[in-house]
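for reference, the sequence and a predicted model appear below.
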Protein chains: 2
Amino acid sequence: MKFVVKNLSISTGNPLIALMNIKDAEHYDLHFADRIRIKTKKKEITCILDITHSKEFVKEGEIGLFKEVYEEINTKNKEKVNIIIEKKPKSIELIKKKMKGQELKDDEIYTIIEDIVKGKLNEIEMSYFVASTYIHELTDKEIIALTKSIVDTGSTLNLKSKIIVDKHCIGGVAGNRTTMVVIPIIAAAGLTMPKTSSRSITSASGTADTVEVLCDVSFNKEKMKKIIEKTNACMVWGGSMNLAPADDKIIKVEHTMSLDPIGQLLASILAKKKSVGATHVLIDIPVGNGCKTACSIRANMLKKKFENIGKKLGMTIKAIITDGSKPIGNGIGPSLEAKEVLYTLMDSKKGSNDLKEKSIEMAGLILEMANKSKKGKGKILAKEIFESGKAYKKFIEIIKAQNAKITDPEKIRYGKYKIIFYSQKEGIIKHINNDFINKTARIAGAPHDKYAGILLHKNKNEYIKKNEKLLTIYSDSKERLKYAIQFFSNNKVYDINKSKKY
Amino acid sequence: MKFVVKNLSISTGNPLIALMNIKDAEHYDLHFADRIRIKTKKKEITCILDITHSKEFVKEGEIGLFKEVYEEINTKNKEKVNIIIEKKPKSIELIKKKMKGQELKDDEIYTIIEDIVKGKLNEIEMSYFVASTYIHELTDKEIIALTKSIVDTGSTLNLKSKIIVDKHCIGGVAGNRTTMVVIPIIAAAGLTMPKTSSRSITSASGTADTVEVLCDVSFNKEKMKKIIEKTNACMVWGGSMNLAPADDKIIKVEHTMSLDPIGQLLASILAKKKSVGATHVLIDIPVGNGCKTACSIRANMLKKKFENIGKKLGMTIKAIITDGSKPIGNGIGPSLEAKEVLYTLMDSKKGSNDLKEKSIEMAGLILEMANKSKKGKGKILAKEIFESGKAYKKFIEIIKAQNAKITDPEKIRYGKYKIIFYSQKEGIIKHINNDFINKTARIAGAPHDKYAGILLHKNKNEYIKKNEKLLTIYSDSKERLKYAIQFFSNNKVYDINKSKKY
């Protein structure tokens, strides 16, 4: 069948999709999601068929190519191509197998993941895969195969060090920037820590968003390696390096339904660690209202799974369950957090003692895991490195290697517009809802507005008087600040003791 | 948030989708599949957000509207509109409930189906719904609610008759055109039979495809009613009348994975019958290799479910399990079947005795169900109507009411190109694979090429000599005929006794 190429100049985001007019589809008995092979003189490619009724988009005799296909096959607009009908990929049958509740074999999982990465499955088909793993929870064996498949279908960082450490926090705790304090302690102790972080999806700021206030975070693999060779560590955004690419594609269809199947969660995190070559990993699982793991039964189950599956993947993993019932530190939002991190590393009174304590605790555990200190002595070593100023010095070194923008916390500004909330009563702050704090900061503009966020004047367990300052919301947009005020006022963010409502 | 409308002139097929540039999405913290309300001065509409990276498609400050949204909101290109962020529809949580294995309540199912019909769910979200009902099979209560929801969210045919009969065949049997013979017998007996049929998706010809050789099949509801008032019956394509519209949308995401969840299958069929007001329905469940219901355990289970659920929906349903192990009649493909049906109704030797027998049997059962004859006497009455020529006369009457194109079978032509296959050995034909026969006919061009198809010179259980004519394949395309020959030659379509292979 001969068709004329129409360049649609539209990206699908990944799946390889070609668009045919309904008349041609009927004529050739082709259906939505059928597979076709498009052949030019030089190249050929298998695509997923989509069908349009609108001839303004693709008319009879034309084959519309989305950007991914057009670029891959290297054709030209109006070029004639040959089209051959193909079978659906084997993955479809494998996804149905999992839907029926059967365990998938290692090579079967690899086949599915490879097809996802190569754009051979459309989003409907991927949704069936995610649904099947959500309903029929992945076995440990499947999670291991899934992790390996995600690693093997992406690129990997091949560092020379024998010991490579890493950490990960399951997320959900506002202002939780321990990573930025732990890294320089570890790197100053001589260990290699190639940290990739994500940008925020649902919280006020991801580690990458906060680091970006101070320096660049987007690097390719080669530049990342150079930063690590120079400083022992890095703090970069993981999205620009094609490490574990399957993961991002799966997350898209999960996110649509706000799903978080436990097997996918484990594989997603472990694959990212494995792909940078991590040998020793500390996992932080915060528990508390408004956290990803609100319940401690789930947290304990996760801890066990991480440790067991990590071992089978050849990694030493230690998972710790921490208090996620309140924000860490007082700044929430990229600039506010960046400033607080800098002050904390300088061991200034303007820093956060919470952040210092939690970071030293975690760094200590990593030092022990990697045999940099004896069991039970890691915390002492971490504290020494921190308080000697070595960690701060290392931090500045890393920032500089990443093209520093700001190193002086005084120079970090907050949003142009602000509002201060005062306590309407007296008492002890019993609870702060992380989820609502995050949402308020996001509505104010964080993380895209780097200057937006929240400064807590009082944290959990602190005593507050009536009319004393509770928090300040910042934003660079008057309108967004207004929305944030509305949201904050309409939700019970604080729980102050001995009265009905804040 | 103010945006400028960009008319994309592209149809999504149903979901209400608006497209935003990634820069704006990041700025406003919006994500794929978030819901937004678009407001013009006069109207407003809630859409599903999709995000593009390509500014050639939708640039910053623009909101791209797919055809469904553009037409619904009645806006103009470049008009300024207001956009408000909305919550996701309740359906999302309900689909997750079903994914967790919980039974859905009647109103919850209605909510999901209403959202599907109104384009409020995207295809990913619909896929999760189908996956959930495939894995956690729908209970009878859920199937009933689903059927009612599909009926209530579409239009219905309100005929005056107290008794309205209908029939349905689960499908998969090549050349199974009993519907076209049963209808005139029933209508001649004075019963009302408002038959809507589908076009073929996987077989060589759907009833609507075959009828279309003889007359029109696309009518709106009002015209359909007039045909029924005039002739007691009709043979129209169901797709043009908005009866049970949810069904088509669900079928699309099922078809992608070739899924056929039993609950959806039952609801789909029953809803179509209910929406034309059927009171008495005969369901034909063919069993045999290459049928939809290859196994008789599944067939018996289906039979019970149809009868029980039908009763709860206020319909009298009788399901019969028939022999689906061979084609009915000798013509396969629209023209071949139409010709055979006409000859059969004329009681000519050129007709099919199989088709006559099976149709009389089924018509007899319907006459008994609707109390047109005593129990056990329906077949006699049906035979009488058939053999007296009343059924043939009624058929011509219906065809004429549907703007007859051809009434004389002699005038029906077959494909311009043909090939005759001869038996390579002698023996009894033990088996004919319906699936392969259908595929061969489809590859030859059926049903879109109305003249393409297969003429069987010998059917199952018949004796054939070596070099005697086995079948002829027809097509209007030389190239397609070549492919059909290849497919037929490479597959074991026939099983002739006492030798290794045909």
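Okay, I see it.

get me the contact residues on the stretch 1-150 of chain A for chain B.
A:9-11, A:13, A:26-27, A:29, A:31-33, A:52-54, A:56-57, A:67, A:92, A:95-96, A:99, A:101, A:122-125, A:127-128, A:131-132, A:134-136 (Cβ under 8 Å from any Cβ of the partner chain). (Glycine included, C-beta is placed from N, CA and C.)

any of these buried? List them.
With burial judged by 16 or more other Cβ atoms under 10 Å in any protein chain shown, the buried subset of the residues of the stretch 1-150 of chain A next to chain B is A:10-11, A:13, A:27, A:29, A:32-33, A:52, A:54, A:57, A:67, A:92, A:95-96, A:99, A:122-125, A:127-128, A:131-132, A:134-136.

against which helices or strands is the one helix or strand A:I285 maps to packed?
Using DSSP states H and E, A:I285 sits in strand A:280-287. Judged by 3 or more Cβ pairs under 8 Å, 6 or more residues apart in numbering or on different chains; DSSP states H and E, strand A:280-287 is in contact with strand A:165-169, helix A:296-312, strand A:316-323, helix A:353-369.

contact residues of the stretch 401-502 of chain A facing chain B?
Proximity of the stretch 401-502 of chain A to chain B is confined to A:442-443, A:445, A:448 under the rule Cβ under 8 Å from any Cβ.

hmm, back to that, nearest to chain B, out of the helices and strands packed on strand A:280-287?
Of all the helices and strands packed on strand A:280-287, it is helix A:296-312 that lies closest to chain B, at 14.6 Å by Cβ to the nearest Cβ.

the residue of the stretch 201-350 of chain A at minimum distance from chain B and A:I380, how far apart?
Distances between the stretch 201-350 of chain A and chain B by Cβ to the nearest Cβ are smallest at A:T256, namely 4.2 Å. Distance, A:T256 to A:I380, using Cβ to Cβ, to the nearest Å: 47 Å.

hang on, the earlier thing: would JSON lines of the helices and strands packed on strand A:280-287 with distance to chain B, mean pLDDT and mean neighbour count be doable?
Below are those laid out as JSON lines (distance: least, Cβ to the nearest Cβ, whole Å; pLDDT from 0 to 100; neighbours: other Cβ atoms under 10 Å in any protein chain shown):
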{"stretch": "strand A:165-169", "distance to chain B": "21", "mean pLDDT": "95", "mean neighbour count": "24"}
{"stretch": "helix A:296-312", "distance to chain B": "15", "mean pLDDT": "93", "mean neighbour count": "16"}
{"stretch": "strand A:316-323", "distance to chain B": "25", "mean pLDDT": "94", "mean neighbour count": "18"}
{"stretch": "helix A:353-369", "distance to chain B": "25", "mean pLDDT": "96", "mean neighbour count": "22"}
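
including distance to A:I227, could the ones you listed go into a markdown table?
As requested, those are exported to a markdown table (distance: least, Cβ to Cβ, whole Å):
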| stretch | distance to A:I227 |
| --- | --- |
| strand A:165-169 | 15 |
| helix A:296-312 | 26 |
| strand A:316-323 | 25 |
| helix A:353-369 | 19 |
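
so does stretch A:205-223 get close to chain B?
No. Counting by Cβ under 8 Å from any Cβ, chain B is not contacted by stretch A:205-223; separation bottoms out at 11.1 Å.

thought A:A441 was touching A:S335?
No. Counting by Cβ atoms under 8 Å, A:A441 stays clear of A:S335, with 11.1 Å between them.

pLDDT of the helix or strand A:G263 falls within, averaged?
Assessed by DSSP H and E, A:G263 sits inside helix A:262-275. For helix A:262-275, mean pLDDT rounds to 94.

would you mark the buried spots in that helix?
A:262-275.

so which other helices or strands are in contact with the helix or strand harbouring A:V151?
Assigned by DSSP H and E, A:V151 falls within helix A:140-152. Contact analysis of helix A:140-152 by 3+ Cβ pairs under 8 Å, 6+ apart lists helix A:106-117, helix A:245-256, helix A:262-275, helix A:296-312 as its packing neighbours.

picking that back up, which of A:T256 and A:I380 has more residues huddled nearby?
Per other Cβ atoms under 10 Å in any protein chain shown, whichever of A:T256 and A:I380 has more neighbours is A:T256, with 23 against 14.

now do the contacts for that one.
Neighbour list for A:T256: A:127, B:32-33, B:122, B:124-125 [criterion: Cβ atoms under 8 Å, 6 or more residues apart in numbering or on different chains].

so what's it scoring on pLDDT?
pLDDT at A:T256 comes out at 86.

find residues that contact each of A:A441 and A:S335.
Counting by Cβ under 8 Å, 6+ apart, the residues touching both A:A441 and A:S335 are A:G453.

in terms of neighbours, single out the busier of those two.
Taking other Cβ under 10 Å, A:A441 and A:S335 do not tie; A:A441 has more neighbours (31 against 26).

list the contacts for that one?
Counting by Cβ under 8 Å, 6+ apart, A:A441 makes contact with A:174, A:204-205, A:332-333, A:452-454, A:473, A:484.

between these, which is nearest B:D107?
The nearest member of those to B:D107, counting by Cβ to Cβ, is A:A484 at 35.5 Å.

distance-wise, check that closest one relative to A:G206.
A:A484 sits 19 Å away from A:G206, going by Cβ to Cβ.

in stretch A:99-114, what counts as buried?
The neighbour-count check on stretch A:99-114 (16+ other Cβ under 10 Å) flags A:99, A:104, A:108-114 as buried.

where does the prediction get shaky in the stretch 301-450 of chain A?
Filtered on pLDDT under 70, the stretch 301-450 of chain A yields no residues whatsoever.

just the helices in it please.
A:334-345, A:353-369, A:378-387, A:390-401, A:434-443 (DSSP state H, counting those that start in this stretch).

so which of those gets nearest B:I227?
Nearest of these (Cβ to Cβ): helix A:434-443, 58.6 Å.

gap between the residue most central in space within chain A and chain B?
Residue closest to the mean C-alpha point of chain A, counted by Cα atoms, centre = their mean, is A:S198 at 3.8 Å. Noted for A:S198: a distance of 14 Å to chain B, by Cβ to the nearest Cβ, to the nearest Å.

re earlier: mind putting the buried residues of helix A:262-275 in TSV, distance to A:M20 included?
Formatted as TSV, these follow (distance: Cβ to Cβ, whole Å):
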residue	distance to A:M20
A:I262	40
A:G263	36
A:Q264	33
A:L265	38
A:L266	40
A:A267	36
A:S268	35
A:I269	40
A:L270	40
A:A271	36
A:K272	38
A:K273	43
A:K274	40
A:S275	37
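
between those, which is nearest B:S218?
A:Q264 (45.9 Å).

residue contacts, the closest one?
A:Q264 makes contact with A:130, A:133, A:138, A:146, A:250, A:254 under the criterion Cβ under 8 Å, 6+ apart.

now the third one. Nearest residue, chain neighbours left out?
The spatially closest residue to A:L138, leaving aside those adjacent along the chain, is A:G263, at 2.9 Å (Cβ to Cβ, 6 or more residues apart in numbering or on different chains).

before we move on, what about A:I251?
In space, A:I251 comes closest to A:S268 once its chain neighbours are excluded; the distance is 7.2 Å by Cβ to Cβ, 6+ apart.

touching, the one you found and A:D247? I think so.
Yes. With contact defined as Cβ under 8 Å, A:S268 counts as touching A:D247 (4.9 Å).

how about the helices of the stretch 51-200 of chain A, start to end?
In the stretch 51-200 of chain A, the helices defined using DSSP H, counting those that start in this stretch lie at A:67-73, A:90-99, A:106-117, A:123-135, A:140-152, A:178-188.

what packs against the third one?
Under the contact criterion of 3+ Cβ pairs under 8 Å, 6+ apart, helix A:106-117 touches helix A:90-99, helix A:123-135, helix A:140-152, helix A:245-256.

the third one vs helix A:296-312, what angle?
So that's helix A:140-152. On the basis of axes from the mean of the first three to the mean of the last three Cα atoms, to 10 degrees, helix A:140-152 is oriented at 60 degrees to helix A:296-312.
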